[in-house]
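# sequence plus the predicted model coming up.
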Amino acid sequence: MDKKTIGAKIRQARRARGFSQEKLSEIVDISPRQMCLIENGNSYPSLGTFVNIAKILEIDINQFFNISFKNIEDERIEIIDMIKSTDRKNLPLISDIIRAVVKYR
């Protein structure tokens with residue numbers, strides 16, 4: 001994800017929680033200038049800073065990246081459904097791919 005999008009999401013969450021840039025930067029232990037650079041998309045926060053910001057703003061880090069995790073059983077069902085609907089000529093290829101993944105994992 002790009003710096004501008006991350007910065008905008010941090011700014012939006014900060015404002016929604018009623019924090020000023022100065023207050024959040026103080027809590028996170030970075031300079032107000034660094035917080036400004038992050039929110040304006042001119043700098044990435046360090047991983048530690050990013051985790052602290054998310055924790056303070058009560059945001060799941062996955063929300064920044066639009067990540068959603070599927071239940072493993074749902075994933076299996078989806079894969080099985082894809083295999084069932086695959087053209088018969090592609091089944092040997094799919095079989096080879098699955099065998100290779102199992103063999104080299």
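All right, it came through fine. Numbers count the residues shown, from 1 in each chain.

# the spatially most central residue of the chain and I77, how far apart?
The residue lying closest to the centre of the chain (C-alpha atoms, centre = their mean) is F65, at 3.0 Å. Per C-beta to C-beta, to the nearest Å, F65 is found 25 Å from I77. Glycine gets a C-beta too; all of them are placed from N, C-alpha and C.

# equivalent analysis for S46, please.
On the measure of C-beta to C-beta, S46 and I77 end up 39 Å apart.

# ok, F19 next?
42 Å.

# so for those two, which residue has more residues nearby?
It is F19, of F19 and I77, that has more neighbours when counted by other C-beta atoms under 10 Å, with 18 against 12.

# give me the pLDDT for that one.
At F19, the model reports a pLDDT of 96.

# equivalent analysis for I67, please.
pLDDT, I67: 61.

# before we move on, what about N71?
On the pLDDT scale, N71 gets 74.

# what's the burial count for it?
8.

# what's the burial count for the residue lying closest to N42 once chain neighbours are set aside?
The shortest distance from N42 to any non-neighbouring residue, by C-beta to C-beta, 6 or more residues apart in numbering, is to K3 (6.7 Å). K3 has 16 neighbouring residues, counting by other C-beta under 10 Å.

# so what's K3 up against?
38, 41-44 (C-beta atoms under 8 Å, 6 or more residues apart in numbering).

# please consider this matter closed, and thank you.
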